[in-house]
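Enquirer: Give the three-dimensional model of this entry:
(one chain, ligands or ions: 2)
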Amino acid sequence: MKKYIVSLDQGTTSSRAVIFDQDRNIVYMAQREYKQIYPHEGWVEHDPLEIYASQYGVLVDVLLMSGITAEEVDSIGITNQRETTIVWEKDTGKPVYNAIVWQCRRTAAICEQLEASGYSDYIRETTGLLIDAYFSGTKIKWILDHVEGARERAKRGELLFGTVDTWLMWKLSGGKIYATDYTNASRTMLFNIHSLKWDEKILDVLDIPKEMLPPAKPSSYFYGMAQIGGCEIPITGVAGDQQAALFGQGCFEKGEAKNTYGTGCFLLMNTGETPCFSNHGMLTTIAASMEGQTQYAIEGSVFTGGSVVQWLRDEMRLIGDSSDSEYYAKKAGGNGGVYMVPAFTGLGAPYWDMFARGTIIGITRGTNASHIIRAALESIAYQSKELLDAIVADTGIELHQLKVDGGASANGFLMQFQADIIGRPVLRPMVRETTALGAAFLAGLQTGFWKKEELCAEGQADCVYEPSMLPEERERLLRGWKKAVERALDWEEK
Ligand SMILES: Nc1ncnc2c1ncn2[C@@H]1O[C@H](COP(=O)(O)OP(=O)(O)O)[C@@H](O)[C@H]1O
Ligand SMILES: O=P(O)(O)OC[C@H](O)CO
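Expert: Ligands and ions are numbered 1, 2, ... in the order given. Model (predicted):
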């Protein structure tokens, strides 16, 4: 019987299910957007039940529409938006609060207190992370502080915490699987990335009961059985989406890197079996790896990447579809002196300013909508360039080209501008669903569906963008960007 792997890719804006065959071809794919909830300035939430419903919906869609039966599915791989925090009742499965999304800034004050109490170095050395509202730890604390009786119930083992992988596995298995993987755990700011254990001291400081945390396992691992329409399918691969994309791009060795242009932008480089600590605001994190072979990555995280294009579409109504941005950016012919810094939820790497806010600067009477659209796309490339420079400086490893993926990598203008601004070729792969592919690889390696050697072969590039900008022009544009960032920093009142 021909067998397949199903990947579930639960992203910030949509849930996707992708079926891969043994030759890594996409056999069928379905995607569903779901609601973004913005209850206050800088706050972002999702409904956990809608996350699950949209994810389960596309899973059923791909099976029904492809005609592939559950028996033909070798295994399931799960990959997910990271850090997003869900707390639910063990008995009923009912969430006690909406999912607090990674972008949400509501815990900035908790982070400031933590920093003022002198925990920065300890947290950095133990978890590889900087203190920021981005990570799950302070989000859990916020829920325990604000939902009546939650901390006591958590202590009694009545409430469970999970990142989205944990929530999906728990739901898909009817409450039988309660686990997370190392990559997701490494984004909580509660996990010791050296010992691969939850850190008692940080749990104490944040007053988070250990009872509510899932066991953490390798990314390629038999987690248990999902129950789909009366059939059981093993879940054997789990990883945070950025680590899954790194794996899906075939970056298995030290020094290999990729940049993903989704809601945010995430540049990760595999640093092998040793964690690499940054002097330039990058994060140290666990890479997706096989059992007993933990690998690490250095990561630059940008909070607003492709989502700036969604903002142009949904809030500003300057474009009807995300892909229209390419046409207008080219039509503008140049930036007209306009820069946009999309610090909608603060700035991530390398600035880590929770209080930065968005700005558009350089506007003159001649500025038109096309300039603003172009400035938005260019901002994605400038932010990614800063990540690349920092990672090269931290690791001492030169990147001769940049592998890319994610929704906004479909934009030809953006990819060409990216190549121009980094002065290196940009390679976009044939299979654009590298996040889903990475989760499929992890699942398939565990079951023996694939062997690692088969997956090491270079994936084909669909497009290579060669840099063609003069160095003086690049420098001029980058000077403008740096000045614009200065104007966006430290804006929101504390
Ligand atoms: N042609 C395009 N040009 C620019 N941005 C795009 C284009 N197509 C999609 N996007 C952006 O890509 C993002 C979606 O990418 P995706 O990888 O699905 O993200 P996520 O996994 O975060 O939900 C959206 O923010 C969208 O605005
Ligand atoms: O949903 P994405 O693909 O933008 O990824 C979100 C990241 O995992 C957040 O850390």
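Enquirer: can you give me the mean pLDDT across stretch 298-306?
Expert: Stretch 298-306 shows a mean pLDDT of 94.
Enquirer: chain center to it, what's the gap?
Expert: 8 Å (Cα atoms, centre = their mean, to the nearest Å).
Enquirer: Just the CA atoms of that stretch, as PDB, please.
Expert: The C-alpha trace of stretch 298-306 is given here as PDB (Å, rounded to 0.1, in the frame of the first residue of the first chain):
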ATOM      1  CA  ILE A 298      20.900  30.800  16.800                       C
ATOM      2  CA  GLU A 299      17.800  32.800  15.900                       C
ATOM      3  CA  GLY A 300      16.900  36.400  15.000                       C
ATOM      4  CA  SER A 301      13.200  37.100  15.400                       C
ATOM      5  CA  VAL A 302      11.300  40.000  13.800                       C
ATOM      6  CA  PHE A 303       7.800  40.400  15.100                       C
ATOM      7  CA  THR A 304       6.200  42.100  12.100                       C
ATOM      8  CA  GLY A 305       7.100  40.700   8.700                       C
ATOM      9  CA  GLY A 306       4.500  39.600   6.200                       C
END
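Enquirer: Does whichever strand or helix holds S75 reach ligand 1?
Expert: Element membership for S75 (DSSP states H and E) is strand 73-80. No. Using Cβ under 6 Å from any ligand atom, strand 73-80 never reaches ligand 1; the gap is at least 9.5 Å. All C-beta spots, glycine's among them, are computed from the backbone N, C-alpha and C.
Enquirer: For ligand 1, what's the nearest residue on this structure?
Expert: G407 (2.1 Å; Cβ to the nearest ligand atom).
Enquirer: wait, doesn't G11 sit right on Q242?
Expert: No. With contact defined as Cβ atoms under 8 Å, G11 does not reach Q242; the gap is 10.9 Å.
Enquirer: neighbour count winner among the two?
Expert: Using other Cβ atoms under 10 Å, the more surrounded residue of G11 and Q242 is Q242, with 31 against 21.
Enquirer: what about the strand holding S75, near ligand 2?
Expert: No. For strand 73-80, no contact with ligand 2 is found by Cβ under 6 Å from any ligand atom; the gap never falls below 7.3 Å.
Enquirer: Need the mean per-residue confidence for that strand.
Expert: Here the average pLDDT along strand 73-80 is 98.
Enquirer: hang on, the earlier thing: so what sits against both of G11 and Q242?
Expert: T435 (Cβ atoms under 8 Å, 6 or more residues apart in numbering).
Enquirer: Helices along the stretch 301-450 of the chain, start to end?
Expert: 307-314, 324-332, 369-395, 412-422, 434-447 (DSSP state H, counting those that start in this stretch).
Enquirer: ranking the ones you listed by burial, who's on top?
Expert: helix 434-447 (a mean of 29; mean count of other Cβ atoms under 10 Å).
Enquirer: Export only the CA atoms of the very next helix or strand once past that helix, formatted as PDB.
Expert: Where DSSP H and E defines the elements, the next helix or strand beyond helix 434-447 is helix 452-456. Output in PDB follows, covering the C-alpha atoms of helix 452-456 (Å, rounded to 0.1, in the frame of the first residue of the first chain):
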ATOM      1  CA  LYS A 452      18.300  10.800   6.900                       C
ATOM      2  CA  GLU A 453      20.600  10.200   3.900                       C
ATOM      3  CA  GLU A 454      17.700  10.500   1.500                       C
ATOM      4  CA  LEU A 455      16.700  13.900   2.900                       C
ATOM      5  CA  CYS A 456      20.200  15.300   2.800                       C
END
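Enquirer: Mind giving me the packing neighbours of helix 452-456?
Expert: Judged by 3 or more Cβ pairs under 8 Å, 6 or more residues apart in numbering; DSSP states H and E, helix 452-456 is in contact with helix 434-447.
Enquirer: Stretch 128-137 close to ligand 2?
Expert: No. Stretch 128-137 lies out of reach of ligand 2 by Cβ under 6 Å from any ligand atom, never closer than 7.2 Å.
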